[in-house]
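Undergrad: fold the stuff below for me.
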Amino acid sequence: MLKTPEAKRQFAGEAKYRSVLPSYVKGASGCLLCYDITNYSSFYVLPEWYEIVFKKADSPAFVLVGCKQDLRGGNNDVPEARVKEFVKDYQISFFCETSSKLGHKTDLPFTELIKNIVKIKLGIKLQ
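TA: Here you go, the predicted structure:
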């Protein structure tokens, strides 16, 4: 499990909205867990977000999205080994990196999330 005391808790980009997350996700069928690949602290809050959604949602499907792929290559990049560890530990069904600036794979996370929600609702095992 990944933890760090320095990680800032955010919801909609603002810590003051963090308290509404549990009621906001209640009954949700799926969740896009997004982080900035150039910002290590954005990745370290994912376990907390995952746990909140997992407990409050209705057997949710999870898709992990690394954003700002076009900026990869800096010193603060989230290591791929950490991402793979998270995907394995939390049994995330799909992961990809996207770049909204370049339009790279921006629709793919949504498509995969919908596919996985349907599979869960139909009782088909996710791989």
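
Undergrad: Phe94 pairs with what?
TA: With DSSP bridges as the criterion, Phe94 is bridged to Val63.

Undergrad: how close does it get to Ala61?
TA: 9 Å (Cβ to Cβ, to the nearest Å). Heads up, the C-betas are built off the backbone N, CA and C, glycines and all.

Undergrad: which one of the two is surrounded by more residues?
TA: Ala61 (24 against 20; other Cβ atoms under 10 Å).

Undergrad: now that one, what are its backbone angles?
TA: phi -90, psi 140 (degrees, to the nearest 10).

Undergrad: tell me which element the closest residue to it other than its chain neighbours is part of?
TA: In space, and not counting its chain neighbours, Ala61 is closest to Asn116: 3.6 Å by Cβ to Cβ, 6 or more residues apart in numbering. Remark: Asn116 resides in helix 108-122, with elements defined by DSSP states H and E.

Undergrad: which other helices and strands does that helix contact?
TA: strand 30-36, strand 61-67, strand 94-97 (3 or more Cβ pairs under 8 Å, 6 or more residues apart in numbering; DSSP states H and E).

Undergrad: flag the shaky bits of this structure, pLDDT-wise.
TA: Applying pLDDT under 70 to the chain picks out residues 1-18, 76, 126-127.

Undergrad: report the secondary structure element holding Gly73.
TA: Counting by DSSP H and E, Gly73 is part of no helix or strand.

Undergrad: so who does it touch?
TA: Residues near Gly73 by Cβ atoms under 8 Å, 6 or more residues apart in numbering: none.

Undergrad: report the central residue of this structure.
TA: Residue closest to the mean C-alpha point of the chain, counted by Cα atoms, centre = their mean, is Leu33 at 1.5 Å.

Undergrad: I'd assumed Phe62 was in contact with that one.
TA: Yes. When contacts are counted by Cβ atoms under 8 Å, Leu33 is listed as touching Phe62 (6.0 Å).

Undergrad: shared neighbours of those two, anything?
TA: By Cβ under 8 Å, 6+ apart, Leu33 and Phe62 have these common neighbours: Tyr50, Val53, Ile92.

Undergrad: which of these sits closest to Glu112?
TA: Ile92 (10.5 Å; Cβ to Cβ).
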